[in-house]
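Undergrad: predicted structure and sequence below. I'll ask about it afterward.
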Amino acid sequence: MPTITMDDSRIVSIEQLRAFLKLGQDYRFGVADKKSRYQWIGNTLAKLSYHRLRKKKDRSCVRRYIRAVTGMSNGQLTRLIKKHRKRGKLTPNYTAARKNGFKKKYRSEDIALLITTDSAHHHLSGEATKKILEREYRVFRHQDYETISRISVSHLYNIRNHNRQYCSSSAKWVARTKATPVNIGIRAKPHPHGQPGFLRIDTVHSGDLGKQKGAYHINIVDEATQWEMVATVPAISEEFLKPVIEELLSCLPFVIHEFHSDNGSEFINHVVAALLTKLYIRFTKSRARHSNDNALVESKNGSVVRKLYGHNHIPAAWASAINEFNRSFVNTYLNYHRPCGFAEITSDAHGKEKKIYTHWMTPYEKFRSLDKSARYLKPGIGFKDLDALAGAKSDNEFAQDMQQAKVELFTKLRKT
């Protein structure tokens, strides 16, 4: 097939065009430049008044002529004709690749801060992580967090899932108890009505290794503020539980009104009942076939205790040292530096309830936000001391100290 440089200035009518096509030769346009080819097509459409042709066979003749000369496909030619009708001329669109077409908002330094935060807090939810980033900048005045603190939750997950710097960094656990038919405690669901002092309690077993029993974690959560206290004991017996429960209750800054547990015998016993009676605390337990009665602490078992200590076996002999770690770091971290989600409950026309988590704050911030919160404090406790404890270190600083202390603790325990 010959490739020629054409001079078709004498072809000005459809009849001349048909005569040219009867030659039966497959010519190709001799100009390789795309711009010149597009210009020739536009001139040809205008010269032969393509858009004014009424007969389909005439338009088809022009199309066959252009395709015969240029070798274009029918679909490509159709697109060019539509463009020519709209604009009156044809110019190629050079869509050169635009590197960094949009200004990069989150630089490697910002991604590094997100990695640091997720590593320190064991990869919390997007809302909680965003709240920590905001607190680092607004509360603790760390200026390097200014940009990353404005990140949206959805884009935070985009970075976690797709960012190469994040994905290549080092920046992802509940024992059942048997019900015991003991007539201790009242079968009722707590109704705090936004008031602190209504506690949920449960145990988390660290597992057995052969015949060697593992340590147990005691988890107490306040329903209104999500104030949480964790303790570790060698076994769930009266010898260990009574002093630990007394200690946890004494560490809470507000007055306790109700103590709620499931139906496990570790709490449904006369020792715990006598202790609560002495402290004038109402004792309730979960109702049959109402699995949500103790759902708050059950969810905290997984999202806090299991994330912190995992599913692996922890020897009972380590319980004392781990409990000291809880006193020094864990309980302060959970209540002053780890944001929690607080839900608004809505009901549809059928009475079905839906929880929407609109507020994210630390338990201490939630406690401070309550109306006349000072009236719930225990005698001798003031917000001045609690504020000093909350602001002593930033969220990331305290979390990093806690992670370092945890590594040192378990390294020491494994050598014993």
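TA: Alright, I've got the coordinates.

Undergrad: mind listing the helices for the stretch 251-400 of the chain?
TA: 270-278, 295-300, 307-309, 319-325, 331-336, 363-369, 383-391, 395-415 (DSSP state H, counting those that start in this stretch).

Undergrad: residues in contact with stretch 147-160?
TA: Outside of stretch 147-160, the residues within contact range by C-beta atoms under 8 Å, 6 or more residues apart in numbering are 105-107, 110-111, 113-114, 118, 126-127, 129-130, 133-134, 136-138, 166. (Each C-beta comes from the backbone N, C-alpha and C, glycine too.)

Undergrad: now which of those residues would you call buried?
TA: 106, 110-111, 113-114, 118, 126-127, 129-130, 133-134, 136-137, 166 (16 or more other C-beta atoms under 10 Å).

Undergrad: related to what we said a few turns ago, list just the one of the helices of the stretch 251-400 of the chain that sits closest to residue 191.
TA: Residue 191 sits nearest to helix 295-300 of all the helices of the stretch 251-400 of the chain, at 13.1 Å, using C-beta to C-beta.

Undergrad: that closest one packs against which elements?
TA: The contact analysis (3 or more C-beta pairs under 8 Å, 6 or more residues apart in numbering; DSSP states H and E) places helix 295-300 against strand 198-205, strand 216-222.

Undergrad: so can I have TSV of those strands showing distance to residue 395, mean pLDDT and mean neighbour count?
TA: Listed next are those as TSV, based on distance: least, C-beta to C-beta, whole Å; pLDDT from 0 to 100; neighbours: other C-beta atoms under 10 Å:
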stretch	distance to residue 395	mean pLDDT	mean neighbour count
strand 198-205	24	92	23
strand 216-222	20	94	25
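
Undergrad: how about JSON lines for the ones you listed, with distance to residue 160 added?
TA: Output for the helices and strands packed on helix 295-300, formatted as JSON lines (distance: least, C-beta to C-beta, whole Å):
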{"stretch": "strand 198-205", "distance to residue 160": "27"}
{"stretch": "strand 216-222", "distance to residue 160": "27"}
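
Undergrad: where does this structure have low pLDDT?
TA: Applying pLDDT under 70 to the chain flags residues 1-9, 23-32, 94-102, 172-183, 185.

Undergrad: could you pull out the strands for it?
TA: 3-4, 28-29, 186-187, 198-205, 216-222, 228-233, 258-261, 282-285, 340-347, 353-361 (DSSP state E).

Undergrad: and residue 194, what does it touch?
TA: 224, 370.

Undergrad: distance of it relative to residue 201?
TA: Taking C-beta to C-beta, to the nearest Å as the measure, residue 194 falls 20 Å from residue 201.

Undergrad: burial of the closest residue in space to residue 238 that isn't next to it in sequence, as a residue count?
TA: In space, residue 238 comes closest to residue 271 once its chain neighbours are excluded; the distance is 4.7 Å by C-beta to C-beta, 6 or more residues apart in numbering. Residue 271 has 14 neighbouring residues, counting by other C-beta atoms under 10 Å.

Undergrad: mind checking how far residue 271 is from residue 240?
TA: Shown here: residue 271 relative to residue 240, a distance of 11 Å by C-beta to C-beta.

Undergrad: same check, this time on residue 92
TA: Shown here: residue 92 relative to residue 240, a distance of 81 Å by C-beta to C-beta.

Undergrad: please say which of the two ends up with more neighbours.
TA: A direct count of neighbours by other C-beta under 10 Å for residue 92 and residue 240 places residue 240 higher, at 20 against 13.

Undergrad: leaving out the residues flanking it, which one is nearest to the more buried one?
TA: residue 233 (4.0 Å).

Undergrad: give me the number of residues near the one you found?
TA: 23.

Undergrad: what of residue 55?
TA: Residue 55: 9 neighbours (other C-beta under 10 Å).

Undergrad: kindly report the same for the one 5 residues further on.
TA: Here the neighbour count serves as a burial measure; for residue 60 (other C-beta under 10 Å) it reads 11.

Undergrad: with residue 268 instead?
TA: 21.

Undergrad: was I right about it contacting residue 261?
TA: Yes. Counting by C-beta atoms under 8 Å, residue 261 is a contact partner of residue 268 at 6.8 Å.

Undergrad: quick one: contacts for residue 201?
TA: 218, 219, 220, 221, 245, 259, 260, 261, 267, 297.

Undergrad: try it again with 7 Å
TA: Shown in contact with residue 201 (C-beta atoms under 7 Å, 6 or more residues apart in numbering): 219, 220, 259, 261, 267, 297.

Undergrad: tell me how far the last one lies from residue 286.
TA: Residue 297 sits 11 Å away from residue 286 when distances are taken as C-beta to C-beta.

Undergrad: same check on the fifth one?
TA: Here the distance between residue 267 and residue 286 works out to 11 Å (C-beta to C-beta).

Undergrad: Provide the partner residues of the residue nearest to residue 240 in its beta bridges.
TA: residue 216 (DSSP bridges).

Undergrad: which ones are touching it?
TA: Residue 233 touches 215, 216, 218, 240, 241, 244, 319, counting by C-beta under 7 Å, 6+ apart.

Undergrad: quick check: the farthest pair among these?
TA: Across these (C-beta to C-beta), the longest gap, 12.9 Å, separates 215 and 241.

Undergrad: for residue 289, grab phi and psi.
TA: Backbone torsions for residue 289, taken as degrees, to the nearest 10, come to phi 60, psi 30.
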